[in-house]
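*Asks:* This is the structure alone, sequence omitted:
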């Protein structure tokens, strides 16, 4: 009996201690504010708020509207996944600068997990020593300003061929500028990545384009990871696995052919004189650090996939939106001699990736609100770039706002995040911008532009469709008028 009494006392004491610990943990920061949130439903949480208005409104626009009601830091439960939405300059500064390390993880989903070889690339790799070394190599060896400059002849040749094709259209003919920009940017990236003699270069472009379309946007199955049946019913996993097989088969052949050429040439030139696959293979042969870091073929294939997103999809969308804004604003078109300002303003109004996603890896506060470990954080960079408290007349296309050069792409101005910020910001800024500048400069220099059928410039629609990048919903069809003769050769 006495033994049972001691056991009961010990159990009660343990429960009391645990209760005190739980109380202290919950009270760890009594000043932390309750994160505001709209009303939610069982199972789906707040998903119905994104579908308000029949789902016609793009997600980044709908999220901006919700933030106007519930504040710059708000909670969103989307299915089984907890999210926090960030929609102000100051909150973004806390995520990307003050507490950058705590948000250095980028969450994966079904599609990206399959396409990136389960995070073997740079964009989706977990934040760890391997990722840090891979990013260092990509930044210093593959995507440095010097390396990007070494590919300028490719960009010049492709851009000149691009304007020649436009000029060859009969006088007054309508040109689908969206398609031509798409093929130009993908062509430049494939030449840069695979070289001129790669026989599978053209075959890879439609596969990469299909991957961009399929992985874009929000997939319902990603918000219910425990519902495995949903992946099967939606067909998402099977569709991505088919695309992945097609991608992998082509990349294996391309890598094999590059290795064979290396054996035949016996030449070990600098990365700058080679295409990106040559450079990655050279790093694979030569780079082994003290921690045993090595590049596998999966890493190489993953990084190539990242390059197509950074160098093709975002670049084509930016050129397309820049031309749309300039055609809609003909008075600015006449003054657009400095295309760099036009590019900056285009990237403000039409950020290619409007929602930046991070995952909290250590409990912290943002804006006085507690962010638990594992919470996904959505930074609405599109809404921040149109915030009237940060920008004068934010809905207007005004390239001159960047005239003083105080704001740049480098992730230190948190009202302007076209390439993200912090540890996970895009390492391919120079590569992406280079793929935008030359095509845009040529389009502005060699042509004047009109809309078909006498349509007024101000009536040009500017609707966008959400995906990996936000592109025009309707293709940009225009009438080019040649201003200057196009040279025969570079």
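*Replies:* Yes, it's here. In this text, all values refer to a predicted model and were calculated from it rather than measured experimentally. Numbers count the residues shown, from 1 in each chain.

*Asks:* Do you have the helices of the stretch 301-450 of the chain handy? List them.
*Replies:* Ranges of helices in the stretch 301-450 of the chain, per DSSP state H, counting those that start in this stretch, are 314-328, 330-335, 339-349, 381-385, 429-446.

*Asks:* Now do the SS call for the closest residue to residue 204 other than its chain neighbours.
*Replies:* Of all residues not flanking residue 204 in the chain, residue 250 sits nearest, at 5.0 Å (C-beta to C-beta, 6 or more residues apart in numbering). Heads up, the C-betas are built off the backbone N, CA and C, glycines and all. Here residue 250 is recorded as helix under DSSP: H, G, I helix; E, B strand; the rest coil.

*Asks:* and if you look at residue 76?
*Replies:* On the basis of three-state DSSP, residue 76 is classed as strand.

*Asks:* pretty sure it contacts residue 46?
*Replies:* Yes: contact criterion C-beta atoms under 8 Å: residue 76 and residue 46 qualify, at 4.9 Å.

*Asks:* When these two are compared, which one has more neighbours?
*Replies:* residue 76 (23 against 20; other C-beta atoms under 10 Å).

*Asks:* gap between the nearest residue to the more buried one once chain neighbours are set aside and residue 42?
*Replies:* Distances taken as C-beta to C-beta, 6+ apart place residue 83 nearest to residue 76, at 4.3 Å, with adjacent residues excluded. Applying C-beta to C-beta, to the nearest Å, the value for residue 83 to residue 42 is 17 Å.

*Asks:* repeat for residue 177
*Replies:* For residue 177, the distance to residue 42 - C-beta to C-beta - is 48 Å.

*Asks:* just residue 413 next, same as before
*Replies:* 42 Å.

*Asks:* And the strands in the protein, which stretches?
*Replies:* 73-78, 81-86, 175-176, 355-359, 364-366, 369-371, 376-380, 447-450, 464-465, 471-472, 477-482 (DSSP state E).

*Asks:* which other helices and strands contact the first one?
*Replies:* When contacts are defined as 3 or more C-beta pairs under 8 Å, 6 or more residues apart in numbering; DSSP states H and E, strand 73-78 sits against helix 47-50, helix 59-70, strand 81-86.

*Asks:* how far out from the middle of the chain is the first one?
*Replies:* What it means is helix 47-50. Mean-position distance between helix 47-50 and its chain equals 23 Å (C-alpha atoms, centre = their mean, to the nearest Å).

*Asks:* what's the residue minimising distance to the centre of the chain in contact with, if anything?
*Replies:* Among the residues of the chain, the one closest to the centroid is residue 353, at 4.6 Å (C-alpha atoms, centre = their mean). Counting by C-beta atoms under 8 Å, 6 or more residues apart in numbering, residue 353 makes contact with 314, 381, 420, 468, 469, 470.

*Asks:* change it to 10 Å
*Replies:* 60, 216, 309, 313-314, 317, 381-382, 417-420, 426, 467-470 (C-beta atoms under 10 Å, 6 or more residues apart in numbering).

*Asks:* per-residue pLDDT, residue 151?
*Replies:* Among the per-residue scores, residue 151 holds a pLDDT of 92.

*Asks:* if I pick it, what's in contact with it?
*Replies:* Contacts of residue 151 by C-beta under 10 Å, 6+ apart are 188, 189, 191, 192, 193, 272, 275, 276, 311, 431, 434, 435.

*Asks:* hmm, try it at 6 Å
*Replies:* Each residue near residue 151 by C-beta atoms under 6 Å, 6 or more residues apart in numbering is listed here: residue 192.

*Asks:* The residue nearest to residue 348 when sequence neighbours are not counted and residue 303: what is the separation?
*Replies:* Leaving aside its chain neighbours, residue 348 sits nearest to residue 385 (4.8 Å; criterion: C-beta to C-beta, 6+ apart). As judged by C-beta to C-beta, residue 385 and residue 303 stand 28 Å apart.

*Asks:* Between the two, tell me which one has more neighbours.
*Replies:* For residue 385 versus residue 303, neighbours defined as other C-beta under 10 Å are more numerous around residue 303 (27 against 21).

*Asks:* Please give me every residue in contact with the more buried one.
*Replies:* So residue 303 contacts 121, 122 (C-beta under 6 Å, 6+ apart).

*Asks:* now it: how far from residue 39?
*Replies:* 44 Å.

*Asks:* Also residue 155?
*Replies:* If you go by C-beta to C-beta, the gap between residue 155 and residue 39 works out to 51 Å.

*Asks:* closest one to residue 336 among the strands of the chain?
*Replies:* Among the strands of the chain, the nearest to residue 336 by C-beta to C-beta is strand 447-450 (11.3 Å).

*Asks:* by contact count, what packs against that closest one?
*Replies:* strand 477-482 (3 or more C-beta pairs under 6 Å, 6 or more residues apart in numbering; DSSP states H and E).

*Asks:* and the strand it packs on, which strands flank it?
*Replies:* strand 175-176 (antiparallel), strand 447-450 (antiparallel) (DSSP bridges).

*Asks:* I'd like these as TSV, with distance to residue 339 appended.
*Replies:* TSV is the format used below for the strands paired with strand 477-482 (distance: least, C-beta to C-beta, whole Å):
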stretch	distance to residue 339
strand 175-176	20
strand 447-450	14
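
*Asks:* Going by mean pLDDT, which of those strands comes out lowest?
*Replies:* strand 447-450 (a mean of 93).

*Asks:* Now do that strand: distance to the chain's middle.
*Replies:* 30 Å.
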